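J.: what shape does this take:
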Amino acid sequence: MPIRAVLWDIDDTIFDYTGADSVGMRRHLESEGLPDGYDSVGQAVDAWRAITDAQWARFAVGETDFQGQRRERVRTFVARPLTDAEADAWFARHASHYEAAWSLFPDAVPALDLLAGRYRHAVLSNSSIINQDRKLRVLGVRDRFEALVCAVELGISKPEAGAFHAAVEAIGLEPQDVVYVGDHPDIDAAGAVAAGLSAVWLDRSGRGGRPELTRITGLDQLPGLLAVNTRFGAPDTFR
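T.: Next up is the predicted model:
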């Protein structure tokens, strides 16, 4: 059966999350000052990213809720006790800088334009609807996607098969009708394949090393890949 819909990840797939997070944190630290224990802004930015990954992993397995992981990111980063209100206020100040740096990757809209008349489009994200709906609206692409499914409201997250199945059900299709596109080889691509979807790993950094996955290094390659063979049975020129 041919592919009928593209299911998209958002952060670091169509939206430059890493870039916005780095710029936002640098600007935030210019205002707040460098917390004790960090020798440079670069070191602090790297630490913030590692802390974010660790706390998000806790959220993904149900050890904390969405707001709780935000608060623990702040407390761990500044390495001092904060009330919930203090942590929320710190995060809100950071978020204002982060949001000011939001941007789509340059290849996102051209790819969506080329695919618009051929495939249906939806989103599956490991974030929350309130965050991702607003983000897509600010970036001007919310109307490109007929459904937006997010882990916070769903109660399960990628790479759980149930997350992919919920997104597929939201657009009334079967897993074999849908291809998932995301930047993480395990959470996105391998998770989608295990759930019965097709998948494309968007490897923007070109790290490679996963020959079992269908891989592209830019969204400009996606329309051609889908056009050549919608089940990815043709020789893969994108690995």
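J.: residue most distant from the centroid, this protein?
T.: Relative to the centre of the chain, and counting by Cα atoms, centre = their mean, the farthest-placed residue is Asp36 at 30.4 Å.
J.: residue contacts, it?
T.: Asp36 is in contact with Ala79, counting by Cβ atoms under 8 Å, 6 or more residues apart in numbering. No exception for glycine: its C-beta is placed from N, CA and C like everyone else's.
J.: can you verify it is assigned to a helix?
T.: No. Per DSSP: H, G, I helix; E, B strand; the rest coil, Asp36 lies outside any helix segment and is coil.
J.: what's the single longest helix in the chain?
T.: Longest helix in the chain, counting residues (DSSP state H): helix 41-60.
J.: averaged pLDDT, the helix or strand where Arg137 lies. What do you get?
T.: Per DSSP states H and E, Arg137 falls inside helix 129-138. What helix 129-138 shows for mean pLDDT is 96.
J.: give the buried residues for it.
T.: Ile129, Asn131, Gln132, Asp133, Lys135, Leu136 (16 or more other Cβ atoms under 10 Å).
J.: what's the domain layout of the protein?
T.: 5-16+103-228, 17-100 (automatic domain parsing).
J.: mind telling me which of those the model trusts least?
T.: Among the domains of the chain, domain 17-100 scores lowest, at a mean of 93.
J.: what about that domain, how long is it end to end?
T.: Taking Cα to Cα, to the nearest Å, the first and last residues of domain 17-100 lie 12 Å apart.
J.: and the helix holding Arg137, what other elements does it pack with?
T.: With contacts taken as 3 or more Cβ pairs under 8 Å, 6 or more residues apart in numbering; DSSP states H and E, helix 129-138 sits against strand 120-125, strand 148-150.
J.: so which of those strands gets nearest Asp11?
T.: strand 120-125 (7.1 Å; Cβ to Cβ).
J.: angle of that closest one against helix 129-138?
T.: Put simply, strand 120-125 runs at 130 degrees to helix 129-138, going by axes from the mean of the first three to the mean of the last three Cα atoms, to 10 degrees.
J.: going forward, the N-terminal residue is numbered 22.
T.: I'll keep to 22 as the first residue from here, and by that count the last item is strand 141-146.
J.: what are the contacting residues of strand 141-146?
T.: Residues contacting strand 141-146 (Cβ under 8 Å, 6+ apart): 25-32, 133, 136, 153, 157, 165-172, 179, 184-185, 187-188, 191-192, 194, 201.
J.: do the same with stretch 177-188
T.: Contacts for stretch 177-188 (Cβ under 8 Å, 6+ apart): 28, 81, 143-145, 147, 168, 170, 172, 175, 196, 201, 203, 207-209, 211-213, 215-218.
J.: now do stretch 212-225
T.: Outside of stretch 212-225, the residues within contact range by Cβ under 8 Å, 6+ apart are 24, 28, 30, 33-34, 126, 179-182, 184-186, 189, 196-197, 199-206, 209-211, 231, 234-240, 243, 246, 251-253.
J.: sounds good, over and out.
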